[in-house]
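> Have a look at this prediction, sequence included:
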Amino acid sequence: MIKINLLPSYILERVRIRRVVWWIVGLLVIELLAFGFAALRIKSEVAAAEERLGYWQKEAGKVTAVTTLTGQVQSNTTPYVTWLNWFTGLERHNVLLANYLQGVSTFIYRRVQITNLSLDNSRSLVTLIGKTDSLESLSRYYLNMLRGPFTSVVLSTTITGWNLAGAPPLSPRPGPGGLPYSQYLTLPVTLTCTMAAPIVAPPPPVAAQTLTGTTPPGAAPAGAPAGTPSGTPSATPASDWD
Amino acid sequence: MRLTRIHVLIMGLLVVVGLAIAFGIAYARPQLKKLSDTEQQVETQRGVAETMLSELQELATAQADLELKDQQTYAYMVRMPQIDTNQYQAMIDLWKEYSSVLGGGPMMARYVASQHGVQPIAFSLPSAPITPLSSQPPVILVPVNDFAVRADDLPSLIAFLRAISKAPRMASISNVTINGTSPMLIASMPLSVYLVTRWALPGPGIPPTSGGGPAAAEPGAPAAPTPAAPPPAEAEQKGRE
């Protein structure tokens, strides 16, 4: 049997449109539900991340506190290091001075007798006054000292009536009539040597108060402490003084 | 023109897509960015927190170093005299230092004489102060301008110069003049004796005070001026040796 639809086309179109609208509404509902679910999910993840952040920030704060404490301890160590460096530097200074003198002595020729050795750090000078026995010894002495720990060596001597004969034996002649070796040391020699660098004691980390010891009239001599001075407020009884 | 289902379909799809885009732009994107930034911060803080072990080790090292430096400094400070913070007592402490250590007594002269091949022949100090010290100097320098020894030979003298570093008090020499010949070598050398007072250093590491106060005083804070009291014998002995 043939079906004939006698409804006008616009009515049929209206039905089809209504059907499409319902599909779209359904799609919208599903979409809104999906959005809600996604929003809740994102919100919970953000909250969890913030909670983790709070925890790790607290832990990192503890590390920062330890780091700060370490810095404080290290800065507390600095004054000790400063003083220790000075103490050890002072000890080392005396040893350096002794070593330098020992070094100078190793360059002194054995045929030279030194009667005065002066080390002046303020002028960086080492002055050696002595005597030797011959020009050969003098030249050997001078050449030796040129190899020493100096930047310059200045020789001064006075050649007056010395013996042109060869150098006498080093040891005194045995038997009667032998002269001691010192009798042959007739050639005075003075060497003025300039140190490469002065050996200066390190100054203390803080300025030191120097006791100049200006002695007022009637006071005790140097080295002997005075009794309680007149006019000075007596903070302690006299019995405290030995 | 009449609305057909194609029109409605297109409009509906436009609404659906528009809503999705609006949701993405207005909500999803900022929240996801916030999540990403938070995760990044978490990683950064976690990296910092995981260095706790090494930081604790560094702290332990710093504390051990401080303790070591404290002990090393103490070893030098026991060679220093006990100079009181009170200016009057400080003056008297210096008198006692002059008489029992530096001057005609004792300790320095005995030390010099104990060195092999060397005898002291001159030791002249400046006059002791007869007025209270005007301030609390952390370091007091006592110049011994007339100090001379007799040595048997140069090696003995050089050994003595090295041994000055181990004298009862910290001292240094600057110039040396040696006269004569062995065994009568006369060496004269100006000596600078340094007396470091206990308030020169921070609190820990300071030997017990002559007044019997605790060793761990506040850093940099000298004891309040008090009337001079007889020091305990033990503390005085420790300070003098």
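Ah, there it is.

> In space, not sequence, find me the middle residue of chain B.
With distances taken as CA atoms, centre = their mean, residue B:201 lies nearest the centre of chain B, 6.0 Å away.

> From residue B:97, how far off is that residue?
19 Å (CB to CB, to the nearest Å). C-beta: built from backbone N, CA, C; applies to glycine.

> now do residue A:69
Distance from residue A:69 to residue B:97, by CB to CB: 40 Å.

> which of these two has more neighbours?
Neighbour count, other CB atoms under 10 Å in any protein chain shown: between residue A:69 and residue B:97, residue B:97 has more, with 27 against 14.

> Please identify the helix or strand for the more buried one.
Following DSSP states H and E, one finds residue B:97 within helix B:87-97.

> Phi and psi next, for the closest residue in space to residue B:97 that isn't next to it in sequence.
Excluding the flanking residues, the one nearest residue B:97 by CB to CB, 6 or more residues apart in numbering or on different chains is residue B:81, at 4.7 Å. Dihedral pair for residue B:81: phi -80, psi 160, per degrees, to the nearest 10.

> per-residue pLDDT, residue B:81?
Reading off the confidence values, residue B:81 has pLDDT 85.

> Distance-wise, check it relative to residue B:172.
Residue B:81 sits 17 Å away from residue B:172, going by CB to CB.

> thought the residue nearest to residue B:97 was touching residue B:93?
Yes. Counting by CB atoms under 8 Å, residue B:93 is a contact partner of residue B:81 at 6.5 Å.

> Closest approach to chain A from chain B, which residue is it?
Residue of chain B nearest chain A, by CB to the nearest CB: residue B:126 (2.3 Å).

> Double-check that that residue belongs to a helix.
No. Secondary structure of residue B:126 (DSSP: H, G, I helix; E, B strand; the rest coil): coil, not part of a helix.

> May I have the phi/psi pair for it?
Phi and psi for residue B:126, reported as degrees, to the nearest 10, are phi -70, psi 160.

> With residue A:127 instead?
Note on residue A:127: its backbone torsions stand at phi -110, psi 130 [degrees, to the nearest 10].

> Please apply the same query to the one 5 residues further on.
When quoted as degrees, to the nearest 10, the phi and psi of residue A:132 stand at phi -140, psi -180.

> where does the most centrally placed residue in chain A land on pLDDT?
Residue closest to the mean C-alpha point of chain A, counted by CA atoms, centre = their mean, is residue A:85 at 7.1 Å. If you check residue A:85, the pLDDT there is 93.

> that older thread, buried ones in the helix holding residue B:97, by neighbour count?
Buried residues in helix B:87-97, defined by neighbour count with 16 or more other CB atoms under 10 Å in any protein chain shown: B:88, B:89, B:90, B:91, B:92, B:93, B:94, B:95, B:96, B:97.

> and the two most separated of those residues?
Taking CB to CB, the two most distant members of the buried residues of helix B:87-97 are B:88 and B:97; they sit 15.0 Å apart.

> Now the element after whichever strand or helix holds residue A:94, going C-ward?
Using DSSP H and E, residue A:94 sits within helix A:9-106. Using DSSP H and E, the next helix or strand after helix A:9-106 towards the C-terminus is strand A:112-120.

> residues in contact with that next one?
Outside of strand A:112-120, the residues within contact range by CB atoms under 8 Å, 6 or more residues apart in numbering or on different chains are A:97, A:100-101, A:104, A:108, A:125-132, A:137-138, A:141, A:182, A:185, A:189, B:175-181.

> same thing but at 6 Å, please
A:126-132, A:141, A:185, B:175-179 (CB atoms under 6 Å, 6 or more residues apart in numbering or on different chains).

> How about stretch A:24-42?
So stretch A:24-42 is contacted by B:12, B:16, B:23, B:31 (CB under 6 Å, 6+ apart).

> Ok, stretch A:127-135 next?
When contacts are defined by CB under 6 Å, 6+ apart, stretch A:127-135 is touched by residues A:111-118, A:138, A:167, A:184-185, A:187-192.

> Just the buried residues from the residues you listed, in ChimeraX please.
Of the contacts of stretch A:127-135, the buried ones go into a single ChimeraX selection, burial set by 16+ other CB under 10 Å:
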select /A:111,112,113,114,117,118,138,184,185,187,188,189,191,192
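
> count of residues packed around the nearest residue to residue A:80 once chain neighbours are set aside?
Spatially, and ignoring its direct neighbours in sequence, residue A:80 is nearest to residue B:69 (3.8 Å; CB to CB, 6+ apart). By other CB under 10 Å, 20 other residues sit near residue B:69.

> Help me confirm that residue B:69 comes into contact with residue A:79.
No. Here residue B:69 does not reach residue A:79: they are 9.1 Å apart, not a contact under CB atoms under 6 Å.

> so where do the strands sit in chain B?
B:118-124, B:139-144, B:146-151, B:170-173, B:176-179, B:185-188, B:191-196 (DSSP state E).

> tell me the average confidence for the third one?
Going back to what we said before, that points to strand B:146-151. Computed over strand B:146-151, the mean pLDDT rounds to 88.

> Now do it against strand B:191-196, angle only.
Angle of strand B:146-151 versus strand B:191-196, following axes from the mean of the first three to the mean of the last three CA atoms, to 10 degrees, is 120 degrees.

> Packing partners of strand B:146-151?
strand B:118-124, strand B:185-188 (3 or more CB pairs under 6 Å, 6 or more residues apart in numbering or on different chains; DSSP states H and E).

> Next, the buried residues of that strand.
B:146, B:147, B:148, B:149, B:150, B:151.

> Between those residues, which sits nearest residue A:15?
With CB to CB as the yardstick, the closest approach to residue A:15 among those comes from residue B:147, at 127.4 Å.

> Was I right to think that closest one contacts residue B:187?
No. The criterion here is CB under 6 Å, and residue B:147 misses it with residue B:187 at 9.2 Å.

> Relative to residue A:128, how far out is the residue nearest to residue A:80?
From residue B:69 across to residue A:128, the span is 43 Å (CB to CB).

> what's the answer for residue B:157, then?
Counting by CB to CB, the gap from residue B:157 to residue A:128 is 15 Å.

> And the two? Which one has more around it.
residue B:157 (27 against 24).

> Please give me every residue in contact with the more buried one.
Neighbouring residues of residue B:157 by CB under 6 Å, 6+ apart: B:151, B:185, B:187.

> Leaving aside the residues adjacent along the chain, what's closest to the first one?
Just to be clear, that refers to residue B:151. residue B:157 (3.8 Å).

> cool, and the last one?
Leaving out its chain neighbours, the residue that sits closest to residue B:187 by CB to CB, 6+ apart is residue B:178, at 4.8 Å.
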